Each structure stands twice: as C-alpha cells, then as structure tokens.
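# no FASTA, just this:
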C-alpha cells in the first residue's frame, strides 16, 4: 500500500480573527490557533497515523502549526520541507482588507467570484501597497538552493504571483506535489501537509476530481486534519475526503462560508 496524506489548514491566524484577507502576508497564529494545532496533533495521534515527513508553506502561520503538531507528537526531528508552492492564494489588492468591507464595496456577486470561483482572480496588488510584501520576497523566496526545490533555484520576483485564482494555485501546487510529495507517498510514507485554505481546496479538487463549479462550495476550517488514504495509483480510496473530527469540521466550515456576510445587509 502507498502512503497516506494528512492534510490541514493552519490554526487560526491574527488576520483570520480580524476577518481580513491574508494571502501572502506573513501573519502569526493567535492563542486559539496554537490550541487548534495542538488539538490537531491529538487527533492525528488518536488515529495512529503519525507522519514520516512534513511539508509546509513558507508562511509563519503554517510553519508554527506544523512545529506545534510535531512537538505534541514528539516528532520535532522529522524533516520539514518549506516551499512557496504551498503558500496561500495571493489575494492581490484584497490583502489586508476586511472581508465585510470588500463585500459592501463590490457587491455579493463579485465578492463571491473573487473569493470562491475556481477561475475568480482579484485585481493584482500594486508594488507600492504596504501589504505587497515585496521587500521580503527576495530573501524569502528567491535565494534558495534547497535540494527539495531544485525547480525553484533560479526563481525571480517576476515568477511570483501578484494575484491568483484557485486555478492558478492548483497549477503551481501540482509542480511540488507531483515532483516531491508523490515520491514520498510511493515510498509508503505518511505525509503531513500543513498549508492554507485555498491550497487544501486545490489539492482535494485534484485528488477527488471535484468539478470547477462544485469546488466553490467547499470551505476549509482552521486546524482540523483530513486523512487521505490512497490506492496503488495514488488515488483516494474513498469518494469524499474525511476530517478526523467531522462534526466540528462541519460547524467550523459553515463559519468560513459566512465570512464577510455576518452583520452585512447584503
């Protein structure tokens, strides 16, 4: 049997708490987010599927979550591979803006298109926008010689997104997934992927063949692991993805769906 995937969105971040579009802005976990990460570790331990290797984005909230999980499981010695292709979707000019404010300014149709449609892409962020992060990008993303990411060794700022749709996220994610993560799965390893909501949506869309239309209704809560068991073709053995705490996931996913609409007249 091939390996397994433990897939989860990071714990609650400070901007999740404040209902802001976060994207590539590097925001830390809240105390609640830290607790969610530790709770995730207990769920992983309870199902007896401890990871053999870990992949995260290059954003702090994802790395913090992974390290807290590994600490709880007494697995801090595991290899942890950080790669920008697991970063959250780049929300362009929406980064740093309150979701309710965006909804009020552009209306429900455009808000939902930008936020949930497979090909919905918000306007690009201007390089002078204080949330563009360009001053940090070169050292964070462009000066890497990691053996695990040889396809990114010559990465330049022009290669990095200024805005993205979910379709664009999936395209850059699959470069890492097919060249690195699938190799570990074929070695019968359990791979922990700690990433972001849009990346989780993109990967389950790919693995479970979710249609472009149906993926718009998939909402991913913070800090609840999904266990994906695979067959010899690296396809899921179940028709739908399963959370390790399905009841809590259902409640929390509904909260994600409602983001921006609470206290709104639309």
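Right, received. Where do you want to start? A quick note: this is a predicted structure, and the numbers were derived from the prediction, not measured.
# can we go C-alpha only for contacts and neighbour counts from here?
Fine.
# my guess is residue 89 meets residue 202, correct?
No - counting by C-alpha atoms under 8 Å, residue 89 sits too far from residue 202 to count as a contact (9.8 Å).
# between those two, who's got more neighbours?
With other C-alpha atoms under 10 Å as the criterion, residue 89 and residue 202 differ in neighbour count, and residue 89 comes out ahead with 26 against 23.
# so who does the nearest residue to that one once chain neighbours are set aside touch?
Once flanking residues are discounted, residue 89 sits nearest to residue 23: 5.5 Å by C-alpha to C-alpha, 6 or more residues apart in numbering. Taking C-alpha atoms under 8 Å, 6 or more residues apart in numbering, we find residue 23 in contact with 87-92, 95.
# Pull the residues that contact the lowest-mean-pLDDT helix or strand in the chain.
For the chain, the helix or strand with the lowest mean confidence is helix 134-137, at a mean of 83 (criterion: mean pLDDT, DSSP states H and E). With contacts defined as C-alpha under 8 Å, 6+ apart, helix 134-137 is touched by 127, 157.
# Going by neighbour count, which residues of the next helix or strand after it are buried?
Downstream of helix 134-137, the next assigned helix or strand under DSSP states H and E is helix 166-176. Residues 166-170, 173-174, 176 are the ones in helix 166-176 that count as buried (16 or more other C-alpha atoms under 10 Å).
# Which strands and helices lie in contact with the helix or strand just after helix 166-176?
Counting by DSSP H and E, the next helix or strand C-terminal to helix 166-176 is helix 182-186. Helices and strands touching helix 182-186, by 3 or more C-alpha pairs under 8 Å, 6 or more residues apart in numbering; DSSP states H and E, are strand 190-195.
# Could you tell me the angle between the helix or strand following the strand it packs on and strand 190-195?
Counting by DSSP H and E, the next helix or strand C-terminal to strand 190-195 is helix 197-208. Put simply, helix 197-208 runs at 140 degrees to strand 190-195, going by axes from the mean of the first three to the mean of the last three C-alpha atoms, to 10 degrees.
# List the buried residues for helix 197-208?
197-205, 207.
# want to throw the residues you listed into TSV with pLDDT?
As requested, these are exported to TSV (pLDDT from 0 to 100):
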residue	pLDDT
197	97
198	98
199	99
200	99
201	98
202	98
203	99
204	98
205	98
207	98
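# circling back: now for residue 89 and residue 202: what residues contact both?
166, 169.
# give me every residue that touches the residue nearest the centre of the chain.
Compute the mean C-alpha point of the chain, and by C-alpha atoms, centre = their mean the closest residue is residue 196, 1.7 Å away. Residues near residue 196 by C-alpha under 8 Å, 6+ apart: 8-10, 62, 86-88.
# distance of it from residue 72?
21 Å (C-alpha to C-alpha, to the nearest Å).
# and what of residue 195?
Distance from residue 195 to residue 72, by C-alpha to C-alpha: 18 Å.
# Which residue of the two possesses the greater neighbour count?
Shown here are residue 195 and residue 72; by other C-alpha under 10 Å, residue 195 has more neighbours (28 against 16).
# Quick check: the more buried one touching residue 24?
No - between residue 195 and residue 24 no contact is recorded; they are 12.0 Å apart, counting by C-alpha under 8 Å.
# can you list residues touching both of those two?
87-88.
# which regions of the chain sit below the pLDDT cut-off?
144-149, 262-266 (pLDDT under 70).
# the helices in it, which residues?
Using DSSP state H, the helices of the chain run over 14-17, 31-46, 60-72, 99-106, 108-116, 134-137, 166-176, 182-186, 197-208, 246-257.
# how far out from the middle of the chain is the fifth one?
Spelled out, that is helix 108-116. From the chain centre to the centre of helix 108-116 is a distance of 19 Å (C-alpha atoms, centre = their mean, to the nearest Å).
# Show me what that helix packs onto, helices and strands only.
Contact here means 3+ C-alpha pairs under 8 Å, 6+ apart; on that basis helix 108-116 packs against no helix or strand.
# cool, and the third one?
Under the contact criterion of 3+ C-alpha pairs under 8 Å, 6+ apart, the helices and strands touching helix 60-72 comprise helix 31-46, strand 53-56, strand 190-195.
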